[in-house]
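**Student:** need coordinates for the below:
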Amino acid sequence: MNLVKNLTSGRLLAQSTAWNLAGMVVPMLVALFAIPMLIDGMGKERFGLLAIIWMGVGYFSLFDLGLGRALTKLVSEHLGCETQADLGSLIWTALILLAFFGSIGAVALSILSPVLVTGLLQVPIELHREAIAAFRILAVGIPFVIITAGIVGLLHAHQRFGTVAAIRVPLGIVTFAGPLLTLQFSPSIALATMALLAARLVALFVFFVATNTVRPELTNPEWLDRSQVRPLVSFGGWLTVTNIIGPLMTYLDRFFIGAILGLTAVAYYVTPYEILSRLQMLPQAIMGVMFPAMASANSGDKSRLVKLYLHSSTVIYWSMLPVTSCIFLLSPEALLVWLGEDFRDEAVPVVHWLATGWIINTLARPALTVLQSTGRPDLVAKAHLSELIPYLGLLWWFAANYGITGVAAAWSIRIVADSMILNALVAYKLPILRNQVLRTCKTAVLTMMLFGTIWVVEPLTIRVTALFFLIGIAVLMLLPIIRKAWQSSESTQSRGIV
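**Tutor:** Residues are numbered from 1 along each chain as shown. Prediction:
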């Protein structure tokens with residue numbers, strides 16, 4: 001029980017969230033400076049290939065079939081129950097499976113590289129050989145990227161987000177600095193990809209050494225344990241369904257806009273969407289920390305699970321409400337100054353719909369995380385599958401009849417439905433959280449009423465006043481939780497947790 005309290009203490013979770021957020025933000029800031037120099041030095045064609053290589057590093061992580069997160073969940077449960085006898089076989093079974101699936105991905109990409117370069121991608125003929133070499137170098141790295149996901153999952157289970165961030169920040173910097181370095185010798189995309197691969201190999205080694213301090217089983221290899229395969233693959237398989245359907249529904253809107261309304265309309269839509277989506281790093285950082293904490297609490301102390309769910313929901317919502325409201329209320333003036341009158345006229349209704357959807361999405365994140373962390377990723381996947389076909393129909397009809405504003409409305413309607421469905425599933429499967437779920441649903445209704453009210457407000461002074469009022473309420477709601485987190489009676493540092 002003490003281990004559960006240590007791994008789910010407010011102070012530790014706050015520190016873990018800060019580290020997790022830093023690991024996301026710092027590389028993005030480096031990218032702002034590096035990308036213009038890479039475009040100038042490499043040329044647009046080579047940089048386009050490099051962007052695809054970067055995307056590939058993330059996309060091909062799907063070959064882990066959710067096993068990295070499954071490992072986090074199962075190890076967290078063992079820690080919650082304070083039963084660690086068979087962790088060695090669990091860890092090595094997961095790593096063997098990750099290496100196997102990663103190797104399949106590597107072989108597939110290596111074989112398909114010529115098809116990608118000469119068929120699917122419009123790569124200039126003079127860059128064909130270079131591009132094929134780059135994709136095959138990327139293929140070599142896939143198993144290492146996927147194994148790294150498993151190692152990182154072990155650190156997450158032990159709430160070592162500071163360790164993960166300390167490695168990921170330099171890795172994120174090298175992701176952009178490596179190609180800049182190779183650019184001094186050659187603009188070759190293959191050479192830049194080799195630099196990325198070298199950085200990933202070094203990161204895997206450092207992650208391995210760091211993880212060995214909390215899980216010494218890593219230095220004692222074991223054979224694959226068939227009894228461990230089923231829980232890993234079952235949990236990871238449903239996560240993979242979610243990881244495929246979720247991004248699919250995320251990007252379908254752009255496809256419909258491009259097909260029905262044209263590429264100019266895509267620009268009007270994607271610009272506010274990308275800005276709002278970038279703001280989701282805080283909720284992502286918080287729920288990334290909460291996933292192993294909830295898994296440990298569920299297996300060891302369910303009263304802690306209730307507190308974690310309540311506090312994470314409160315912090316995410318009240319942290320994001322002022323930010324999202326600011327964009328909602330001030331978008332007409334901001335878009336006018338930034339992109340001009342034409343862009344403002346087209347994009348402001350889109351901003352209003354998307355902002356409403358994103359704030360409701362904050363109420364779905366805790367529900368999704370608690371379902372996955374308590375062993376029901378299948379419910380999340382089935383919910384997303386049930387939403388897909390109705391969403392396609394809604395997108396097509398709204399795009400054809402209402403343009404990009406209709407697409408934004410369809411997206412927001414789907415987000416509201418998703419939030420309600422996931423919270424209903426939590427109430428049904430986890431009765432202990434029903435009161436919190438009811439509170440969440442009431443918050444969702446009141447939020448939609450609030451945004452519907454301020455939608456029609458035109459005078460700037462009233463909008464600014466409303467924004468400061470919302471900021472004040474958010475501060476009042478967050479202060480007690482922040483104070484508790486940092487005034488925790490448990491000295492996590494003296495216990496060697498941080």
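**Student:** measure Leu467 to Ala474 for me?
**Tutor:** Distance of Leu467 to Ala474, computed by Cβ to Cβ, to the nearest Å: 11 Å. For glycine as for every other residue, the C-beta is placed from the backbone atoms N, C-alpha and C.
**Student:** give me the common contacts of those two.
**Tutor:** By Cβ atoms under 8 Å, 6 or more residues apart in numbering, Leu467 and Ala474 have these common neighbours: Pro322.
**Student:** next one: stretch 232-248 to chain centre, how far?
**Tutor:** Distance of stretch 232-248 from its chain centroid, counting by Cα atoms, centre = their mean, to the nearest Å, is 14 Å.
**Student:** which positions within that stretch qualify as buried?
**Tutor:** Neighbour counts over stretch 232-248 (16 or more other Cβ atoms under 10 Å) mark Leu232, Val233, Phe235, Gly236, Gly237, Trp238, Leu239, Thr240, Val241, Thr242, Asn243, Ile245 as buried.
**Student:** touching, the fourth one and Leu74? I think so.
**Tutor:** No: shown here, Gly236 and Leu74 do not form a contact pair, counting by Cβ atoms under 8 Å, at 10.1 Å.
**Student:** count of residues packed around Val457?
**Tutor:** By other Cβ atoms under 10 Å, 12 other residues sit near Val457.
**Student:** the nearest residue to it once chain neighbours are set aside: which element?
**Tutor:** Leaving aside its chain neighbours, Val457 sits nearest to Arg463 (5.6 Å; criterion: Cβ to Cβ, 6 or more residues apart in numbering). Using DSSP states H and E, Arg463 falls within helix 460-486.
**Student:** tell me what that helix is packed against?
**Tutor:** When contacts are defined as 3 or more Cβ pairs under 8 Å, 6 or more residues apart in numbering; DSSP states H and E, helix 460-486 packs onto helix 10-42, helix 302-339.
**Student:** switch the cut-off to 10 Å
**Tutor:** helix 10-42, helix 302-339, helix 434-455 (3 or more Cβ pairs under 10 Å, 6 or more residues apart in numbering; DSSP states H and E).
**Student:** in that helix, what's buried?
**Tutor:** Residues Arg463, Ala466, Leu467, Leu470, Ala474, Leu478, Ile481, Ala485 are the ones in helix 460-486 that count as buried (16+ other Cβ under 10 Å).
**Student:** and the gap between the most centrally placed residue in the chain and Asn20?
**Tutor:** The centroid of the chain falls nearest to Gln284 when counting by Cα atoms, centre = their mean (5.3 Å). For Gln284, the distance to Asn20 (Cβ to Cβ) stands at 8 Å.
**Student:** repeat that for Arg278.
**Tutor:** As judged by Cβ to Cβ, Arg278 and Asn20 stand 16 Å apart.
**Student:** looking at the two, which is more packed in?
**Tutor:** Using other Cβ under 10 Å as the criterion, Arg278 and Asn20 rank with Asn20 on top: 24 against 11.
**Student:** about what we covered before: pick the most buried one from the helices and strands packed on helix 460-486.
**Tutor:** helix 302-339 (a mean of 19; mean count of other Cβ atoms under 10 Å).
**Student:** check which helices and strands that one sits against.
**Tutor:** For helix 302-339, the packing partners by 3+ Cβ pairs under 10 Å, 6+ apart come out as helix 2-7, helix 10-42, helix 263-278, helix 281-300, helix 341-361, helix 365-373, helix 434-455, helix 460-486.
**Student:** relative to the whole chain's centre, how far out is whichever strand or helix holds Thr175?
**Tutor:** According to DSSP H and E, Thr175 maps onto helix 161-183. The chain centroid and the centroid of helix 161-183 are separated by 18 Å, computed with Cα atoms, centre = their mean.
**Student:** tell me what it is packed against?
**Tutor:** helix 10-42, helix 44-59, helix 128-157, helix 189-212, helix 281-300.
**Student:** distance to Val456 and mean pLDDT for the ones you listed - can I get that in CSV?
**Tutor:** As requested, the helices and strands packed on helix 161-183 are exported to CSV (distance: least, Cβ to Cβ, whole Å; pLDDT from 0 to 100):
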stretch, distance to Val456, mean pLDDT
helix 10-42, 35, 73
helix 44-59, 40, 73
helix 128-157, 44, 87
helix 189-212, 50, 89
helix 281-300, 28, 83
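**Student:** re earlier: what angle sits between the helix holding Thr175 and helix 281-300?
**Tutor:** 140 degrees (axes from the mean of the first three to the mean of the last three Cα atoms, to 10 degrees).
**Student:** show me what counts as buried in stretch 343-358.
**Tutor:** By neighbour count with 16+ other Cβ under 10 Å, stretch 343-358 contains the buried residues 343-344, 346-358.
**Student:** low-confidence stretches in the protein?
**Tutor:** For the chain, applying pLDDT under 70 flags the ranges 1-14, 55-63, 81-85, 120-122, 251, 263, 300, 485-498.
**Student:** longest helix in it, by residue count?
**Tutor:** Longest helix of the chain, by residue count under DSSP state H: helix 377-429.
**Student:** quick one: contacts for Val214?
**Tutor:** Val214 sits next to Leu154, Leu155, Ala157, His158, Gln159, Arg160, Thr163 when contact means Cβ atoms under 10 Å, 6 or more residues apart in numbering.
**Student:** between all of those, which two are at the greatest distance?
**Tutor:** Maximum pairwise distance among the contacts of Val214 (Cβ to Cβ): 12.1 Å, between Ala157 and Thr163.
**Student:** what residues are shared contacts of these two?
**Tutor:** Thr211, Val214.
**Student:** neighbour count winner among these two?
**Tutor:** Counted by other Cβ under 10 Å, Ala157 and Thr163 do not tie: Ala157 has more neighbours, with 28 against 21.
**Student:** adding distance to Phe101, write the buried residues of stretch 232-248 out as TSV.
**Tutor:** Output for the buried residues of stretch 232-248, formatted as TSV (distance: Cβ to Cβ, whole Å):
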residue	distance to Phe101
Leu232	11
Val233	10
Phe235	15
Gly236	10
Gly237	11
Trp238	16
Leu239	13
Thr240	10
Val241	15
Thr242	17
Asn243	14
Ile245	19
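**Student:** out of those, which is nearest to Leu363?
**Tutor:** Nearest to Leu363, judged by Cβ to Cβ, of the buried residues of stretch 232-248 is Thr242 at 17.8 Å.
**Student:** name the SS class of that closest one, please.
**Tutor:** Classification of Thr242 by DSSP: H, G, I helix; E, B strand; the rest coil places it in helix.
**Student:** how about the nearest residue to it, chain neighbours excluded?
**Tutor:** In space, Thr242 is closest to Ala381, 4.8 Å off (Cβ to Cβ, 6+ apart).
**Student:** residues touching the one you found, list them.
**Tutor:** The neighbourhood of Ala381, defined by Cβ under 10 Å, 6+ apart, consists of 66, 237-246, 371-372.
**Student:** do you know which of the helices and strands packed on helix 460-486 lies nearest Ile96?
**Tutor:** Closest among the helices and strands packed on helix 460-486, using Cβ to Cβ: helix 10-42, at 27.2 Å.
**Student:** the closest one packs against which elements?
**Tutor:** Judged by 3+ Cβ pairs under 10 Å, 6+ apart, the packing partners of helix 10-42 are helix 2-7, helix 44-59, helix 161-183, helix 189-212, helix 263-278, helix 281-300, helix 302-339, helix 460-486.
**Student:** go ahead and confirm Leu321 touches Thr356.
**Tutor:** No: using Cβ atoms under 10 Å, Leu321 is not in contact with Thr356; the gap is 11.6 Å.
**Student:** could you name every residue contacting both of the two?
**Tutor:** Residues touching both Leu321 and Thr356 (Cβ under 10 Å, 6+ apart): Thr447, Leu450.
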